[in-house]
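Asks: let's see this in three dimensions:
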Amino acid sequence: MRWVTFDCYGTLVDWRHGIHTSAELIAPGQGARLLEAYNRHEHAVQSESPGLRYRQVLAEALRRACAEEKVESAGDNASVLAATLPYWPVFPEVGAELSALRAAGWKLALLTNCDRDLIAETRRRLPVPFEAVVTAEDAGAYKPDLAHFELFRRSYEPEVWVHVAQSYFHDMIPAHRLGLPRVWINRLGEAAPDPAIIQRVLSDLRGLLAAVEDR
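Replies: Sure, this is the predicted structure:
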């Protein structure tokens, strides 16, 4: 049983575009600032409350981003990210590259810092089916905690397993700790703090099949 596991948001779905455009709905002209501020707060919220549902994490991190950037946000505006998340766009190359993996006999799974209900909505937009999904709600923790990976291993007992993700912090570090073959989808052209953690690097999913099979 050969498996490729993926992070979803940032790797398959354009997470930055989704947050930026959603923030514009409540604070026109402030989307870019709020996106960067949101990135500074999300992990802190998850670390403080690992049992918090992801829609609550989205709301609290956005509230903190608005406060940091002195952007007024009243009422239930912070719920905008959870409300729009099912419509965040899938990266254009995802369909062809995941289809190539499936045609080569790989099974696909998602290991996502998300709730079951939210990922169910996103899966409707993903162009290929996934055989398995492990959410933060299932794992009781948020990556980079190892809980997602450990639950997937117990549940599916993969004989061959490659992990693919955009986030160095949330995914490459825990995959390295577990000794998993891994492919970093470095969409932002970042420098790896520790290059030894990185095995394969792609700027997007194009060429993924070859990278996965050259593990």
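Asks: just how off-centre is the longest helix seen in the chain within its chain?
Replies: The helix that spans the most residues within the chain, counting by DSSP state H, is helix 31-48. How far helix 31-48 lies from its chain's middle: 14 Å, per C-alpha atoms, centre = their mean, to the nearest Å.
Asks: packing partners for that helix?
Replies: The helices and strands touching helix 31-48, judged by 3 or more C-beta pairs under 8 Å, 6 or more residues apart in numbering; DSSP states H and E, are helix 15-26, helix 54-68. C-beta: built from backbone N, CA, C; applies to glycine.
Asks: what's opposite the closest residue to Gln199 other than its chain neighbours in the beta bridge?
Replies: Spatially, and ignoring its direct neighbours in sequence, Gln199 is nearest to Arg182 (5.5 Å; C-beta to C-beta, 6 or more residues apart in numbering). On the basis of DSSP bridges, Arg182 is bridged to His163.
Asks: out of the helices and strands packed on helix 31-48, which gets nearest to Arg206?
Replies: Proximity to Arg206, assessed across the helices and strands packed on helix 31-48 by C-beta to C-beta, is greatest for helix 15-26 (18.6 Å).
Asks: about what we covered before: any chance of the helices and strands packed on helix 31-48 in TSV, with distance to Glu159, mean pLDDT and mean neighbour count too?
Replies: Listed next are the helices and strands packed on helix 31-48 as TSV, based on distance: least, C-beta to C-beta, whole Å; pLDDT from 0 to 100; neighbours: other C-beta atoms under 10 Å:
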stretch	distance to Glu159	mean pLDDT	mean neighbour count
helix 15-26	31	97	20
helix 54-68	31	96	21
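Asks: Gly31: how many residues sit nearby?
Replies: Using other C-beta atoms under 10 Å, Gly31 has 18 other residues around it.
Asks: so what's it scoring on pLDDT?
Replies: On pLDDT, Gly31 comes in at 97.
Asks: touching, it and Arg16? I think so.
Replies: No. Contact between Gly31 and Arg16 fails when scored by C-beta atoms under 8 Å: they sit 10.0 Å apart.
Asks: contacts for stretch 79-89, please.
Replies: 9, 13-15, 17-19, 21-23, 25-26, 54-55, 58-59, 62, 118, 121-122, 124-125 (C-beta atoms under 8 Å, 6 or more residues apart in numbering).
Asks: to clarify, my last question referred to stretch 121-138.
Replies: Contacts to stretch 121-138, defined as C-beta under 8 Å, 6+ apart, come from residues 3, 8-9, 12-13, 53-54, 85-88, 90, 94-95, 98-99, 102, 107-116, 119, 142-143, 148, 151-152, 155-156.
Asks: good, we can wrap up now.
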